[in-house]
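Chemist: Compute the structure for the input listed below.
(chains A and B, ligands or ions: 1)
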Amino acid sequence: MNSLFEKVWDQHVVVAETDESPAILYIDLHLVHEVTSPQAFSLLRDQGLTVRRPEQTLATIDHSIPTTPVSSLADLVVTSDTPATRQLVQMEKNCNDFGIALRDFSSPERGIVHVIGPELGATQPGMTIVCGDSHTSTHGAFGALAFGIGTTEVAHVLATQCMLQRRPKTFAVNVEGSLPPGVAAKDIVLSIIGRIGVDGGIGHAIEYRGSAISALSMEERMTICNMSIEGGARAGMIAPDDTTYEYLAGRPYAPSGADWDRALAAWQQLPGDPEAHFDKQITLDVSKLKPMVTFGTNPGMVISIDEPVPTPAGNDEAFAKALAYMQLESGKPLAGTPVDIVFVGSCTNSRLSDLEVVAGLLKGRRIADGVRMLVVPGSQQVKVDAEARGLDRVFKAAGAEWREAGCSMCIAMNGDFVPAGKLAVSTSNRNFQGRQGTGARTILASPLTAAASALTGVVSDPRQFLD
Amino acid sequence: MEPVTRINGRTVVLALDDVDTDQIIPARFLTTTVRQGLGQHLFADWRYDADGRENADFVLNQPDAAGAAVLVAGRNFGCGSSREHAPWALLDNGIAVVISTEIADIFLNNSLKNGLIPVIVDEETHRWLLDHPGVEVSVDVDALELVIPEHDPIPFDIDRFARHCLLNGVDQLGYLLQHSEAIDAHEARTR
Ligand code: SF4
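Modeler: Numbering: from 1, shown residues only, chains lettered A, B, ... in the order given. As a prediction, the model looks like this:
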């Protein structure tokens, strides 16, 4: 009686765990980006080691790159010799020296690591996937065991294609009911984090299950799994089903022909047995869920759009500090708060369907005066697809900026940032102090809520725009 | 890694819950390609004002915090991003131990890999430490005991393998490389 997690885990154990030592776990796919890898490559160099499986290593640049057009790294070096650019140069050198193909500025396959893995079909059910990035949990949407690791572990995986890992506990999050109009996958995951808290998943791998999860598209499932880490869980998984297989069929790195048939047969064995045990379980009904917005400085500080900013129980220093930082007051409504910036992007919500939702609302309308809106596709492929559908023209006609792919204002390493004191409604995943720029105030929301807020210039319930 | 058996030091208290790694080391300092030198940016947005002057109110800027090697932190310390720059920055700033009731998974893992000792204690001990900043404590990695004033030694737990590596300065990458044959066999079996 095994759960999805247990099946995937067991298939990857090279050396079993004992009291004395963790398991040695085999890693099928290693995603690498410029920010958390340089010191790992240095470690390999210092010890005279090579990369064991360059072909199982998917490298790109995403965190610190400009989202304005750049033709090549060589060009960027000439115009902007910054530490970020030097880190990109180092990335190029590391990939060259160690025989790893880098999806760089010239590559149509580049984009945010967690967007391109699935898009290329490199992310597949039953795989183990790691990256020096906590949102690696995104790939769990395919029934993969995927989690973020530190830079020392990046070196371990580069050199041995393995890592040392104790088996986490399991946590079933059952989500039932049908989602009301105007309410999105992002709202589901924000409400889950609000319920379990930002530390509720520590030590656990989550499996999201239930009718509401089965009804979601792959892109929506990725949004859910993406934010598992915001609930403290390193991994979040969803059992593969026909939605998963349909998404993967025909993608460049997905198996084809007889290989596909073999893979499919194996994938169909992955869903957990009905009687599988979980160390922890919760159940949520989303049939009355409303759009969710954060009011504080972590993703667990979240309310429905029509609720007032909560009052802390007792003397809560962190809560008071968060509200002071956000310049919000307990008891006052959050809806109606003036917005300076709207950011649509990040590995949580930058896929084609996210952009379509936003364009659907913006079409034929203008964003409010004084609001700056940035739309950043998750990958160059998403950009091409969006432009083929004319979405770029909708964004520009509405007064929004349309950019090249990258992490951009989610992490504010590349020059796209929210100025101090300004309020952003953002489709990203972290509202930590300073995350979107020093002093930036972030409200996390769905793409629909972000678009509605851009149109009105205040934090807004998108359901007012529904016919 | 140098072996670590015991750390003696003074505490500094940062009582806030849910301190994330973006606070420990803001993302704009992650453009470095080396591990060294991050200590100056530790808690940068809390430690310095907009003009780069030290914020006198912030605990780490207070005179008695100088030289403190033990950070007593709130619940769920180190949540958020997987950046190993967080333990690097703490270590570079002289912090060798973090004590809390709960420490986020990835940060805890990254800490152990760098010789920063995570010590999880019960609520009562934690409360006492929060209320008594600046006390001298001793963390014995071998005996797995935390010695604080006015208390019997307090047992704590560290993963046995991580403890073994800390005590003996074992390089975990070297350990993995010793298992190359098992890795070959796994690849042969699953291909
Ligand atoms: S978009 Fe944001 S959260 Fe996602 S990988 Fe990039 S920086 Fe991290």
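Chemist: How many residues are close by the closest residue to residue A:276 other than its chain neighbours?
Modeler: Leaving aside its chain neighbours, residue A:276 sits nearest to residue A:3 (3.9 Å; criterion: Cβ to Cβ, 6 or more residues apart in numbering or on different chains). All C-beta spots, glycine's among them, are computed from the backbone N, C-alpha and C. Number of residues near residue A:3 (other Cβ atoms under 10 Å in any protein chain shown) recorded here: 23.
Chemist: Test my guess that residue A:3 contacts residue A:272.
Modeler: Yes. At 4.0 Å, residue A:3 counts as touching residue A:272 under the criterion of Cβ atoms under 8 Å.
Chemist: about what we covered before: state the distance from the residue nearest to residue A:276 to residue A:378.
Modeler: Using Cβ to Cβ, to the nearest Å, residue A:3 is found at 30 Å from residue A:378.
Chemist: Doesn't residue A:255 belong to a strand?
Modeler: No. Using DSSP: H, G, I helix; E, B strand; the rest coil, the secondary structure at residue A:255 is coil, not a strand.
Chemist: how many neighbours does it have?
Modeler: 16.
Chemist: pLDDT value on it, please?
Modeler: Looking at residue A:255, its pLDDT is 98.
Chemist: what's the burial count for residue B:153?
Modeler: When neighbours are defined as other Cβ under 10 Å, residue B:153 has 13 of them.
Chemist: Pull up the per-residue confidence for the spatially closest residue to it that is not a sequence neighbour.
Modeler: What sits nearest to residue B:153 in space, not counting adjacent residues and going by Cβ to Cβ, 6+ apart, is residue B:145, at 4.1 Å. We have a pLDDT of 98 for residue B:145.
Chemist: And for residue B:155?
Modeler: On pLDDT, residue B:155 comes in at 98.
Chemist: Tell me where the stretch 101-250 of chain A has helices.
Modeler: With helices called from DSSP state H, counting those that start in this stretch, the stretch 101-250 of chain A shows them at A:113-120, A:151-160, A:185-196, A:211-214, A:218-226, A:242-248.
Chemist: I'd like those helices as JSON lines, with distance to the ligand appended.
Modeler: Shown next, in JSON lines, are the helices of the stretch 101-250 of chain A (distance: least, Cβ to the nearest ligand atom, whole Å):
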{"stretch": "helix A:113-120", "distance to the ligand": "6"}
{"stretch": "helix A:151-160", "distance to the ligand": "14"}
{"stretch": "helix A:185-196", "distance to the ligand": "14"}
{"stretch": "helix A:211-214", "distance to the ligand": "21"}
{"stretch": "helix A:218-226", "distance to the ligand": "8"}
{"stretch": "helix A:242-248", "distance to the ligand": "20"}
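Chemist: Contact partners for residue 47?
Modeler: No chain specified, so I'll use chain A. With contact set as Cβ atoms under 8 Å, 6 or more residues apart in numbering or on different chains, residue A:47 has these partners: A:159, B:173.
Chemist: actually chain B
Modeler: B:54, B:55, B:58, B:60, B:61.
Chemist: do you know how far it is from the ligand?
Modeler: Going from residue B:47 to the ligand by Cβ to the nearest ligand atom, to the nearest Å gives 23 Å.
Chemist: Ok, residue A:124 next?
Modeler: Separation of residue A:124 from the ligand (Cβ to the nearest ligand atom): 20 Å.
Chemist: nearest residue to that residue other than its sequence neighbours?
Modeler: In space, and not counting its chain neighbours, residue A:124 is closest to residue A:142: 6.2 Å by Cβ to Cβ, 6+ apart.
Chemist: okay, the one you found: pLDDT?
Modeler: Residue A:142 carries a pLDDT value of 98.
Chemist: quick one, what contacts the closest residue to residue A:186 other than its chain neighbours?
Modeler: Using Cβ to Cβ, 6+ apart and skipping residues adjacent in sequence, the residue nearest residue A:186 is residue A:446, 3.8 Å away. Shown in contact with residue A:446 (Cβ under 8 Å, 6+ apart): A:183, A:184, A:185, A:186, A:187, A:291, A:292, A:349, A:427, A:462.
Chemist: Alpha carbons only: can I get the lengthiest strand in chain A in CSV?
Modeler: Ranked by residue count, the top strand of chain A under DSSP state E comes out as strand A:169-176. Listed in CSV are the C-alpha atoms of strand A:169-176, where the atom choice follows Å, rounded to 0.1, in the frame of the first residue of the first chain:
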residue,chain,number,x,y,z
LYS,A,169,7.1,12.2,6.1
THR,A,170,4.0,12.4,3.9
PHE,A,171,1.1,14.9,4.0
ALA,A,172,-2.1,14.5,2.0
VAL,A,173,-3.9,17.7,1.1
ASN,A,174,-7.3,16.7,-0.2
VAL,A,175,-9.0,19.4,-2.2
GLU,A,176,-12.6,18.9,-3.1
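Chemist: That strand and chain B, are they touching?
Modeler: No. Using Cβ under 8 Å from any Cβ of the partner chain, strand A:169-176 never reaches chain B; the gap is at least 11.2 Å.
Chemist: For that strand, name the packing helices and strands.
Modeler: Strand A:169-176 sits against helix A:185-196, strand A:204-209, helix A:211-214, strand A:280-285, with contacts defined as 3 or more Cβ pairs under 8 Å, 6 or more residues apart in numbering or on different chains; DSSP states H and E.
Chemist: Of the ones you listed, flag the one that's most buried.
Modeler: strand A:204-209 (a mean of 27; mean count of other Cβ atoms under 10 Å in any protein chain shown).
Chemist: Which elements pack onto that one?
Modeler: Contact here means 3+ Cβ pairs under 8 Å, 6+ apart; on that basis strand A:204-209 packs against helix A:4-11, strand A:169-176, helix A:218-226, strand A:235-237.
Chemist: In the sheet, which strands lie alongside that strand, parallel or antiparallel?
Modeler: strand A:169-176 (parallel), strand A:235-237 (parallel) (DSSP bridges).
Chemist: which of those sits most buried?
Modeler: Burial of these is given as mean neighbour count (mean count of other Cβ under 10 Å); strand A:235-237 ranks first at a mean of 31.
Chemist: Quick check: residue B:157 touching residue B:146?
Modeler: No. Between residue B:157 and residue B:146 there is no contact, the gap being 10.9 Å when judged by Cβ under 8 Å.
Chemist: before we move on, the earlier item: and for the longest strand of chain A, what are the contacting residues?
Modeler: With Cβ under 8 Å, 6+ apart, strand A:169-176 has contacts from A:3, A:5-6, A:188, A:192, A:196, A:201, A:203-213, A:233, A:277-287.
Chemist: and with 6 Å instead?
Modeler: A:3, A:5, A:192, A:203-213, A:278-286 (Cβ atoms under 6 Å, 6 or more residues apart in numbering or on different chains).
Chemist: could you give the angle of that strand to strand A:280-285?
Modeler: In terms of direction (axes from the mean of the first three to the mean of the last three Cα atoms, to 10 degrees), strand A:169-176 departs from strand A:280-285 by 10 degrees.
Chemist: Would you mark the buried spots in stretch A:53-69?
Modeler: Using 16 or more other Cβ atoms under 10 Å in any protein chain shown as the burial criterion, the residues of stretch A:53-69 that qualify are A:53, A:56-67.
Chemist: So is it next to the ligand?
Modeler: Yes. Stretch A:53-69 is in contact with the ligand by Cβ under 6 Å from any ligand atom, via A:62, A:63.
Chemist: Please work out which residues outside that stretch touch it.
Modeler: Defining contact as Cβ under 6 Å, 6+ apart, one finds that stretch A:53-69 is touched by A:29-35, A:84, A:88, A:91, A:95, A:99-100, A:102-103, A:110, A:112-113, A:122, A:161, A:376, A:403-404, A:406-408, A:413-414, A:416.
Chemist: And chain B, is the lowest-mean-pLDDT helix or strand in chain A touching that?
Modeler: Confidence across the helices and strands of chain A bottoms out at helix A:73-79, with a mean of 90, counting by mean pLDDT, DSSP states H and E. No. Helix A:73-79 is not in contact with chain B by Cβ under 6 Å from any Cβ of the partner chain; minimum separation 13.6 Å.
Chemist: Send me the helix or strand following that helix as CSV with only the CA atoms.
Modeler: The helix or strand immediately downstream of helix A:73-79 is helix A:83-98, counting by DSSP states H and E. The C-alpha coordinates for helix A:83-98 follow below in CSV (Å, rounded to 0.1, in the frame of the first residue of the first chain):
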residue,chain,number,x,y,z
PRO,A,83,28.4,41.5,-10.9
ALA,A,84,25.2,40.0,-12.3
THR,A,85,26.7,40.0,-15.8
ARG,A,86,30.0,38.6,-14.5
GLN,A,87,28.0,35.8,-12.9
LEU,A,88,26.4,35.0,-16.3
VAL,A,89,29.9,34.9,-17.9
GLN,A,90,31.0,32.5,-15.2
MET,A,91,27.9,30.3,-15.9
GLU,A,92,28.8,30.2,-19.6
LYS,A,93,32.3,29.2,-18.7
ASN,A,94,31.2,26.6,-16.2
CYS,A,95,28.9,25.0,-18.7
ASN,A,96,31.5,25.0,-21.4
ASP,A,97,34.2,23.6,-19.2
PHE,A,98,32.0,20.8,-17.9
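Chemist: Thank you kindly, that will do.
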